[in-house]
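> my questions concern the predicted model and sequence given below.
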Amino acid sequence: MSNIKCIVAGPRGKMGSEALRMIEKEDTLELAACIDRKFDGKQIKEMEGLPSFDAMIYTDVDSCFQEVEADVLIDLTTPEYGYKHTKLALENGIRPVVGTTGFSEEQLNELRELAESKQLGAVIAPNFAVGAVLMMQFSKWASKHFPDVEIIEKHHDQKLDAPSGTAAKTAQLIQEERSSHQQGHPDEKETIEGARGADADGMRIHSVRLPGLVAHQEVVFGGLGQTLTIKHDSYHRESFMSGVKLAATEVMNLEVLVYGLEHLLD
Ligand SMILES: NC(=O)C1=CN([C@@H]2O[C@H](COP(=O)(O)OP(=O)(O)OC[C@H]3O[C@@H](n4cnc5c(N)ncnc54)[C@H](O)[C@@H]3O)[C@@H](O)[C@H]2O)C=CC1
Ligand SMILES: O=C(O)C1=N[C@H](C(=O)O)C[C@H](O)C1
């Protein structure tokens, strides 16, 4: 089987640069080109701190998708551009593997319909770390027995979206399991706005942003006389890379969009 040819969008970012280092080590993946906001026409090997790839940087996404022979787009950019890149990739017959978070429900549905109409595989995964996927699945299961739950997600202070994609997905999975209800005292009042966090179908999500953090989440369940905490920590962005590789490989066998890495794990 020939190598999977990848375009990486956001190659100078924290995740994008880690994805380039992962591709460099993998025999089955190949870097075909990159999409960046700057450095049009330069080679990745000319960029300081990035692996020595002969792969051209494009700032014009249309030209990139039309000129470069590619199987997969790996997008690790921003919510606004990640959505645009994903849509354009599908329109150009390229399968998206998207780690970028912060898409709205409407955007996800639109991309799902587009992938289906094109019969093209796509993977959008708010978290590529296997441990985080398990934390979400365990939380879904736990909420069957502990319907009162709050999510505390903690990230580095350069993060653009809140709550994190992982927290939003965790809340969605729990929502599928438990019946909707408000938590806390019915008469509770916030004396400082936001003190109780964001309200996702009655469950609260608290977003912490601090230098020094990478990506961390605790899902805290409360029952009579007991609590249960399910916790995951990513200390390094390497933690996401086996998931990115799995998605870039498995997306070639899909004809629909899947949301969440759990759909690709046994
Ligand atoms: N699914 C997952 O497992 C993970 C997802 N993420 C998500 O990945 C995204 C990127 O995260 P980081 O690497 O930490 O951010 P970052 O800020 O370090 O990198 C983003 C990169 O995107 C580039 N960029 C912005 N606009 C662009 C455009 N129009 N075209 C091309 N490149 C553009 C920026 O120049 C920057 O290099 C975020 O949405 C984050 O939430 C982050 C970690 C894990
Ligand atoms: O921005 C990040 O760093 C991360 N983003 C993803 C999210 O929003 O859940 C995944 C992980 O938490 C790291």
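Alright, I've got the coordinates. Fair warning: this is a prediction, and the values are worked out from it, not measured in the lab. Ligands and ions are numbered 1, 2, ... in the order given.

> around ligand 2, which positions in this protein sit nearby?
Contacts of the chain with ligand 2, taken as C-beta under 6 Å from any ligand atom, map to 101, 126, 127, 155, 159, 164, 165, 166, 215. In this view, the C-beta of every residue, glycine as well, is placed from N, C-alpha and C.

> state the number of residues packed around the fifth one.
Right, residue 159. Neighbours of residue 159 under the rule other C-beta atoms under 10 Å: 15.

> what do you get for the second one?
Counted with other C-beta under 10 Å, the neighbours of residue 126 add up to 25.

> so how far is ligand 2 from the nearest residue to residue 38 once chain neighbours are set aside?
Spatial nearest neighbour of residue 38, excluding adjacent residues (C-beta to C-beta, 6 or more residues apart in numbering): residue 59 at 6.7 Å. The gap separating residue 59 from ligand 2 is 23 Å, by C-beta to the nearest ligand atom, to the nearest Å.

> thought residue 59 was touching residue 40?
Yes - taking contacts as C-beta atoms under 8 Å, residue 59 lies within contact range of residue 40: 4.1 Å.

> ok and the residue in the stretch 1-150 of the chain nearest ligand 1?
residue 13 (2.2 Å; C-beta to the nearest ligand atom).

> and what of the stretch 151-266 of the chain?
Counting by C-beta to the nearest ligand atom, the stretch 151-266 of the chain gets nearest ligand 1 through residue 240, at 4.2 Å.

> low-confidence ranges in this structure?
Applying pLDDT under 70 to the chain flags no residue at all.

> got phi/psi on the residue with the largest distance to the centre of it?
Most distant from the centre of the chain: residue 187, at 36.4 Å, with distances by C-alpha atoms, centre = their mean. Backbone torsions for residue 187, taken as degrees, to the nearest 10, come to phi -100, psi 10.

> re earlier: measure the residue of the stretch 151-266 of the chain closest to ligand 1 to residue 261 for me?
In this view, residue 240 and residue 261 are 10 Å apart by C-beta to C-beta, to the nearest Å.

> now residue 118
The gap separating residue 118 from residue 261 is 22 Å, by C-beta to C-beta.

> okay, the two: which has more neighbours?
Higher neighbour count among residue 118 and residue 261: residue 261, with 26 against 17, using other C-beta under 10 Å.

> I'd say the more buried one and residue 246 touch.
Yes - Residue 261 lies in contact with residue 246 (C-beta under 8 Å); the separation is 7.1 Å.

> who does the closest residue to residue 146 other than its chain neighbours bridge with?
Nearest in space to residue 146, with sequence neighbours left out and distances taken as C-beta to C-beta, 6+ apart, is residue 221 at 3.5 Å. Beta-bridge pairing of residue 221 under DSSP bridges involves residue 149, residue 228.

> quick check: residue 221 touching residue 142?
Yes - Residue 221 is within contact range of residue 142, at 5.4 Å (criterion: C-beta under 8 Å).

> mutual contacts of the two, please.
149, 228, 230 (C-beta atoms under 8 Å, 6 or more residues apart in numbering).

> can you redo those as a markdown table with distance to residue 176 and neighbour count?
Formatted as a markdown table, the shared contacts of residue 221 and residue 142 follow (distance: C-beta to C-beta, whole Å; neighbours: other C-beta atoms under 10 Å):
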| residue | distance to residue 176 | neighbour count |
| --- | --- | --- |
| 149 | 13 | 23 |
| 228 | 19 | 15 |
| 230 | 17 | 20 |
